[in-house]
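Student: Next comes the sequence, and after it the predicted model I'd like to discuss.
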Amino acid sequence: MDLVAIGKYISKLESNNIEHIKKLNFLGFNLWKVYRNYFCGKHYAKLQTKNNNTQHINKSILSLFSFAKNKQNKLIVRVTSASYNVMIENKYYSKRLEVLKQAIQSNGYDTAIIGSISIDKIDKTNPKIELNFDSCFNYFSSKLRYIMLIFTLFNAWQHYKLLQKIELVSFKNVWNTQATFLAKYILYKLFYKLAKPKKVLFTFASYGCETEIAALKSLNIEVLEYQHGHLYPEHYGYNYHQDLKPLKYKLLLPDKLFVYGKYWKEVLIKIGFFEDAELVVSGNPSFEDIKAISLDTNGRIPVLVCSQPNSAHLFRQFIENYMKNSEFKEKYYWIVQLHPREVSGEWEEFVKDKEHIEVSNKDTYELLKSVNIQLSGSSTTLYEALYFRVSNYIILNDLKINESENFDENIGKIIQLDWTEEFMKFKNVDGKKYFEDFKFAI
């Protein structure tokens, strides 16, 4: 199943099993969102390709609690190494984080940036990750989980019997899920009880972080999430059945979602689960003061290739075929922009000894402002390209966006991997309708 199909499948499970789902209680919360991620992941794992982005592991639990004690009363910004995809003077940089940090501070809050970081980005980030957070919790919760197995046996068996009526699942997986949840919950709660943050803002998808959200909600700390990518009505991270609205607090969702524009707010409102006040239109922080840059393309027409981690091989296959078989191959210069979750190894190997192609470390939006053609998959860069009047060519990947109920054919032209025709500039579509001016107020 592709991601749109997975979203529809999850929604069907929900529609048919509301009464069972309402009974999946643990520690005062409802764990359906955790099991939902599991069911989705079973199918999504089949679509994923291997990513060699190795994480730096922090094994010092004392460093976490020392940090928490010394950084009290901040607004905590949660990040991952995926936030950093631009290199300036040999340091990885995120304009999005810099703009958000300044906006938060102008709202009267001090910030602390915490998250995870890969080995190739350690000590290079700017704005700096102040605490390598996730790997430490993952490491120690994996040890503590064995003790928690004792305390979760009875409740795991109850959930197992309920889940068997919804979808086939093993008792071992349910038991491990609950034990891990409890182990992480204890650690997160201790950390945040010490840190006493004003609020916590996720700059990436908060789904998958249910245990952390449970700890925050148990301490009455407001949880915020900023839009991180492509939203569509079938998105399993946001498409919840209306009958679950009374359980919203227990379902471990953020209290507010900040979105790029009214368009994205309307996508979520139509689902029928979110209230107007929970969705805040705040613009795209990466759009602030974007300037076009000079590109050295040897007189050729630049084509920006916005790669994605689970489908980079499709883009390489397309380019390889186009370079060999298209009668227009001499017209174009390929600029490859990696997704923030990608590492450059396979792409660097691909472009080696090839002419008229490079892997870029420049800002995505500066590149979009400097080209006329983009090749991409299922990404917000499709909409951002329209904002900068760029024409899109789309390779379908693990998200078959043309299967979504809100797919607009004007977004771009879907092409196959063996497509060898000439890239054309399309009639401009109003891309500004997807975005508002950046205004971040908490």
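Tutor: Now that the structure is in, tell me what you want to look at.

Student: how about the strands in the stretch 51-200 of the chain?
Tutor: 75-79, 86-88, 91-93, 111-115, 125-126, 131-132, 199-202 (DSSP state E, counting those that start in this stretch).

Student: Quick one: those strands as TSV, columns for distance to residue 373 too.
Tutor: Where you see a C-beta, it was placed from the backbone N, CA and C, and this is true even at glycine. Formatted as TSV, the strands of the stretch 51-200 of the chain follow (distance: least, CB to CB, whole Å):
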stretch	distance to residue 373
strand 75-79	31
strand 86-88	21
strand 91-93	26
strand 111-115	34
strand 125-126	31
strand 131-132	39
strand 199-202	33
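
Student: possible to save these as JSON lines with mean pLDDT?
Tutor: Shown next, in JSON lines, are the strands of the stretch 51-200 of the chain (pLDDT from 0 to 100):
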{"stretch": "strand 75-79", "mean pLDDT": "96"}
{"stretch": "strand 86-88", "mean pLDDT": "88"}
{"stretch": "strand 91-93", "mean pLDDT": "90"}
{"stretch": "strand 111-115", "mean pLDDT": "94"}
{"stretch": "strand 125-126", "mean pLDDT": "90"}
{"stretch": "strand 131-132", "mean pLDDT": "88"}
{"stretch": "strand 199-202", "mean pLDDT": "98"}
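
Student: Residue 417 is nearest to which of the ones you listed?
Tutor: strand 86-88 (28.6 Å; CB to CB).

Student: what about that closest one, distance to the chain center?
Tutor: From the chain centre to the centre of strand 86-88 is a distance of 20 Å (CA atoms, centre = their mean, to the nearest Å).

Student: What pairs with it, parallel or antiparallel?
Tutor: strand 91-93 (antiparallel) (DSSP bridges).

Student: Take the strands of the stretch 51-200 of the chain and lay them out in CSV including mean neighbour count and distance to residue 243.
Tutor: Compiled in CSV, the strands of the stretch 51-200 of the chain are given as follows (neighbours: other CB atoms under 10 Å; distance: least, CB to CB, whole Å):
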stretch, mean neighbour count, distance to residue 243
strand 75-79, 25, 30
strand 86-88, 16, 43
strand 91-93, 19, 44
strand 111-115, 23, 34
strand 125-126, 18, 43
strand 131-132, 22, 39
strand 199-202, 24, 26
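
Student: which stretch among the ones you listed comes nearest residue 237?
Tutor: strand 199-202 (11.5 Å).

Student: which residues touch that closest one?
Tutor: Applying CB atoms under 8 Å, 6 or more residues apart in numbering, the external contacts of strand 199-202 come out as 75-78, 100, 104, 109, 192, 209, 216, 221-226, 254, 442.

Student: next one: stretch 377-387
Tutor: By CB under 8 Å, 6+ apart, the list of residues contacting stretch 377-387 reads 3, 227, 229-230, 260, 284, 287, 306, 308, 311, 314-315, 364-365, 368, 374, 376, 391-392, 394-401, 411-412, 429-432, 434-435.

Student: so where's the protein uncertain?
Tutor: 48-54 (pLDDT under 70).

Student: The longest helix along it - contacts with which helices or strands?
Tutor: Using DSSP state H, we find that the single longest helix of the chain is helix 134-164. The contact analysis (3 or more CB pairs under 8 Å, 6 or more residues apart in numbering; DSSP states H and E) places helix 134-164 against helix 61-70, helix 171-195.

Student: buried residues in that helix?
Tutor: 134-138, 140-141, 144-145, 148-149, 152, 155-156, 159-160, 162-163 (16 or more other CB atoms under 10 Å).

Student: and it with strand 111-115, angle?
Tutor: Put simply, helix 134-164 runs at 70 degrees to strand 111-115, going by axes from the mean of the first three to the mean of the last three CA atoms, to 10 degrees.

Student: How far off centre is helix 134-164?
Tutor: So, by CA atoms, centre = their mean, the centroid of helix 134-164 is 25 Å from its chain's centroid.

Student: measure the most far-flung residue of the chain relative to its centre to residue 395 for me?
Tutor: Residue farthest from the centre of the chain, counting by CA atoms, centre = their mean, is residue 327 at 37.7 Å. Using CB to CB, to the nearest Å, residue 327 is found at 20 Å from residue 395.

Student: which ones among the contacts of stretch 377-387 are found in helices?
Tutor: 3, 314-315, 364-365, 368.

Student: Any chance of CSV for the residues you listed, columns distance to residue 333 and neighbour count?
Tutor: Converted to CSV, the ones in helices among the contacts of stretch 377-387 look like this (distance: CB to CB, whole Å; neighbours: other CB atoms under 10 Å):
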residue, distance to residue 333, neighbour count
3, 31, 25
314, 20, 18
315, 15, 23
364, 17, 24
365, 19, 22
368, 16, 23
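
Student: ok, the residues you listed vs residue 343, which is closest?
Tutor: Among the ones in helices among the contacts of stretch 377-387, and counting by CB to CB, the member closest to residue 343 is residue 315, at 15.2 Å.

Student: For that closest one, which residues are in contact?
Tutor: Residue 315 neighbours (CB under 8 Å, 6+ apart): 305, 307-308, 336, 375, 377, 395.

Student: which of those residues lies closest to residue 294?
Tutor: Once CB to CB is applied, the member of the contacts of residue 315 that ends up nearest residue 294 is residue 336, at 18.1 Å.

Student: Report all helices and strands that the one helix or strand that closest one maps to contacts.
Tutor: Residue 336 is part of strand 332-337 when elements are defined by DSSP states H and E. Contacting strand 332-337 under the criterion 3+ CB pairs under 8 Å, 6+ apart are the following elements: strand 301-306, strand 357-360, helix 364-368.

Student: Now with 6 Å, please.
Tutor: strand 301-306, strand 357-360 (3 or more CB pairs under 6 Å, 6 or more residues apart in numbering; DSSP states H and E).

Student: what's the neighbour count on residue 177?
Tutor: When neighbours are defined as other CB atoms under 10 Å, residue 177 has 21 of them.

Student: Equivalent analysis for residue 44, please.
Tutor: 17.

Student: phi, psi of it?
Tutor: phi -70, psi -30 (degrees, to the nearest 10).

Student: follow-up on the earlier one: next, the angle strand 75-79 makes with the longest helix of the chain.
Tutor: Going by the same axes, to 10 degrees, helix 134-164 makes 80 degrees with strand 75-79.
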